[in-house]
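1. predicted model and sequence below, questions to follow.
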Amino acid sequence: MPVDNLKEDSSENNIHVFRREVVSSTHINFLFGAGVNGTALPQLKDFSKTIEKINKLGGNISDGLEAGIDSLENDCDRTEIKRVFIEEFNGYHEKAISVENTDSALGNLELLLKKIYLIVRKSENRNPSMKQINIYTLNYDNLVERKLMKLGYLYNSISASNTNTKADLMNVIGFDYATRKYIPSFMVSKLHGSIEKPIIPGKAKYQDMLNEDYFEIAFNMKEKLCRMNSILIVIGYSGKDEHINKILQECLNAGLTVYWFKYSESDCVPFGASSQIIIREQENYSRKNDSTKNCFDDLEFAWKEQ
């Protein structure tokens, strides 16, 4: 059944955006930005040590960290910024791990992963490729993988640091030989790299993604999102990365349907609302809910017994 015939109206009287027929008969993909982790990890504006170092090296930080990095022309200075950034990020990451079992945002992420696993497992009208759930993340952290490991789900994770050894796992889907059924499997693709090999913020991100290791991941994303009956659920993404938006636009042209979960009223959806882009607004922007929790609630609403 074409996805176009299964759209749900997100009016004030029915803010939930999914329908059971959609989530049970499509290739399900996610795009996670920094907002998916809530406040477990800080935004770039809070990387004070990195910003201080940019300032000391003569960079212009008036327009933020990324612009500050772009203002540095000396390769040695940029290498030093990368070192400081990674060191500061690792410190924040260790703190996030220490509270991952009590942080509400990460708890909502776990709920979402459990719900999508249950939906894919119980859906009978799926071909084998629909048993793979793709998670494309712009984050360096491994919080998604830690949740999947905790839940005991089959998953693979690929980034520029392991492309050579894990590229063959991009299409792996579990199979239970006893029941002769395919098992829901997660493929986590780190578009901006991992803790070990990150793409540092700034305009150079696009050029870095043309690197062979990163390009293979981005190319695979485009290939998967261009498949017939594919949906992409966007959570926590600012919509400001031109290299990501270019991929998404090409996939939209091929028929992709996008569900975009907004957190703030000022959040920019680069393509605007259309028949292919369903924007999930907050029910009340003066009392915002975690977007990850909104996605979980909408999936649960769609999947409840009719």
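-> Everything's here; your move. None of these values were measured; they are calculated from a predicted model.
2. can we go C-alpha only for contacts and neighbour counts from here?
-> Will do.
3. strands of the stretch 101-250 of the chain, start to end?
-> Counting by DSSP state E, counting those that start in this stretch, the stretch 101-250 of the chain has strands at residues 132-137, 154-158, 174-176, 181-183, 185-190, 230-235.
4. so which elements touch the helix ranked longest in the chain?
-> Across the chain, the longest stretch assigned as helix under DSSP state H is helix 75-98. Contacts defined by 3 or more CA pairs under 8 Å, 6 or more residues apart in numbering; DSSP states H and E place helix 75-98 against helix 48-56.
5. which residues touch residue 122?
-> Shown in contact with residue 122 (CA atoms under 8 Å, 6 or more residues apart in numbering): no residues.
6. and if you look at residue 23?
-> By CA under 8 Å, 6+ apart, the neighbours of residue 23 are residue 119.
7. now do the one 5 residues further on
-> Neighbouring residues of residue 28 by CA under 8 Å, 6+ apart: 130, 132, 133, 134, 230, 231, 232, 233.
8. could you single out the nearest of those residues to residue 220?
-> residue 134 (10.5 Å; CA to CA).
9. count of neighbours near the closest one?
-> 25 (other CA atoms under 10 Å).
10. how far away is it from residue 32?
-> 11 Å (CA to CA, to the nearest Å).
11. residue 297 too?
-> Remark: distance between residue 297 and residue 32 (CA to CA) = 17 Å.
12. what do you get for residue 189?
-> Distance from residue 189 to residue 32, by CA to CA: 10 Å.
13. the more surrounded of those two?
-> The neighbour comparison of residue 189 against residue 32 (other CA under 10 Å) goes to residue 189, with 26 against 22.
14. of all residues in the protein, which one is nearest the centre?
-> Closest to where the C-alpha atoms of the chain average out (CA atoms, centre = their mean) is residue 32, at 1.7 Å.
15. which strand residues bridge that residue?
-> Per DSSP bridges, the residues bridged to residue 32 are residue 137, residue 235.
16. keeping just the C-alphas, turn stretch 104-113 into CSV.
-> Extracted C-alpha coordinates of stretch 104-113, given in CSV (Å, rounded to 0.1, in the frame of the first residue of the first chain):
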residue,chain,number,x,y,z
SER,A,104,14.5,11.2,31.7
ALA,A,105,15.5,11.9,28.0
LEU,A,106,17.5,8.8,27.8
GLY,A,107,14.7,6.9,29.4
ASN,A,108,12.4,8.1,26.7
LEU,A,109,14.9,7.0,24.1
GLU,A,110,14.8,3.5,25.6
LEU,A,111,11.0,3.5,25.5
LEU,A,112,11.1,4.5,21.8
LEU,A,113,13.5,1.7,20.9
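17. what about that stretch, average pLDDT?
-> Summarised as a single mean, pLDDT over stretch 104-113 is 96.
18. got it, and stretch 165-181?
-> 86.
19. ok, now stretch 59-69?
-> On average, stretch 59-69 scores 90.
20. do stretch 291-303 as well
-> Averaging pLDDT along stretch 291-303 yields 95.
21. what's that stretch in contact with?
-> So stretch 291-303 is contacted by 16-20, 36, 105, 108-109, 111-112, 115-116, 119, 235-236, 261-263 (CA under 8 Å, 6+ apart).
22. and with 7 Å instead?
-> 16-20, 36, 108-109, 111-112, 115, 235, 261-263 (CA atoms under 7 Å, 6 or more residues apart in numbering).
23. flag every buried residue along it.
-> The neighbour-count check on stretch 291-303 (16 or more other CA atoms under 10 Å) flags 291-303 as buried.
24. hmm, which two among those residues are most spread apart?
-> 291 and 303 (18.4 Å).
25. what about the stretch 101-250 of the chain, any weak spots by pLDDT?
-> 125, 204-212 (pLDDT under 70).
26. ranges for the helices of it?
-> All helices of the stretch 101-250 of the chain, identified by DSSP state H, counting those that start in this stretch, fall at 104-122, 143-151, 163-166, 204-209, 212-225, 242-253.
27. these: which one's closest to residue 57?
-> Judging those by CA to CA, what sits closest to residue 57 is helix 204-209, at 18.3 Å.
28. count the residues that sit near residue 142.
-> Neighbours around residue 142, by other CA under 10 Å: 15.
29. now do the one 4 residues further on
-> When counting by other CA under 10 Å, one arrives at 14 neighbours for residue 146.
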